[in-house]
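Asks: this one's sequence-less:
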């Protein structure tokens, strides 16, 4: 099903019982931790290449990206998100930007985790 739907991303966590819910009161959590972990791993393993492919399809496109702050790896890079929530990293020296601004960023590379881009000084957003 994951392969058929082709989600861009999936936030996956092991099931954990929610206290004080009807389900927690009525039904035992009868799935072993090992099974929960294996299911999460399988789902992540299915999703990762789909996300990587979809991100690579964005190479060459200029996307509006909202600046959220420094990238985790370098204060010389900005980190922001597209309107679909995909992380984008680009060099600060490309052009000035400020937190919360929307910047046109041309995508140069993509992985399952992040897009790498370049802020195009002459690019404008429609």
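Replies: Sure thing, it's come through. On a predicted model such as this, the values are computed, not experimentally measured, just so you know.
Asks: please make it C-alpha for all contacts and neighbour counts, starting now.
Replies: OK.
Asks: output the longest helix belonging to this protein.
Replies: Longest helix in the chain, counting residues (DSSP state H): helix 33-56.
Asks: next up, the contacts around the residue nearest the centre of the chain.
Replies: The geometric centre of the chain, computed from its C-alpha atoms, lies nearest to residue 86 (Cα atoms, centre = their mean), at 4.2 Å. Counting by Cα atoms under 8 Å, 6 or more residues apart in numbering, residue 86 makes contact with 114-115.
Asks: roughly how far does it sit from residue 21?
Replies: Look at residue 86 and residue 21: by Cα to Cα, to the nearest Å, they are 33 Å apart.
Asks: same question, residue 10
Replies: According to Cα to Cα, residue 10 stands 25 Å off from residue 21.
Asks: so those two - more neighbours on which side?
Replies: Neighbour totals were compared for residue 10 and residue 21, and residue 10 leads with 12 against 9 (other Cα atoms under 10 Å).
Asks: pLDDT at the more buried one, what is it?
Replies: pLDDT, residue 10: 83.
Asks: that one: what secondary structure?
Replies: Put simply, residue 10 is coil when judged by DSSP: H, G, I helix; E, B strand; the rest coil.
Asks: who's in contact with the residue nearest to it when sequence neighbours are not counted?
Replies: In this structure, residue 10 finds its nearest non-sequential neighbour in residue 47, 7.0 Å apart by Cα to Cα, 6 or more residues apart in numbering. Residue 47 makes contact with 2-3, 7, 9-10, according to Cα under 8 Å, 6+ apart.
Asks: neighbours of residue 9, how many?
Replies: Other residues within reach of residue 9, judged by other Cα under 10 Å, total 19.
Asks: residue 34 too?
Replies: By the measure other Cα under 10 Å, the count of residues near residue 34 is 8.
Asks: and what of residue 15?
Replies: Neighbourhood size, residue 15 [other Cα under 10 Å]: 13.
Asks: you'd agree it is up against residue 37?
Replies: No: counting by Cα atoms under 8 Å, residue 15 stays clear of residue 37, with 9.0 Å between them.
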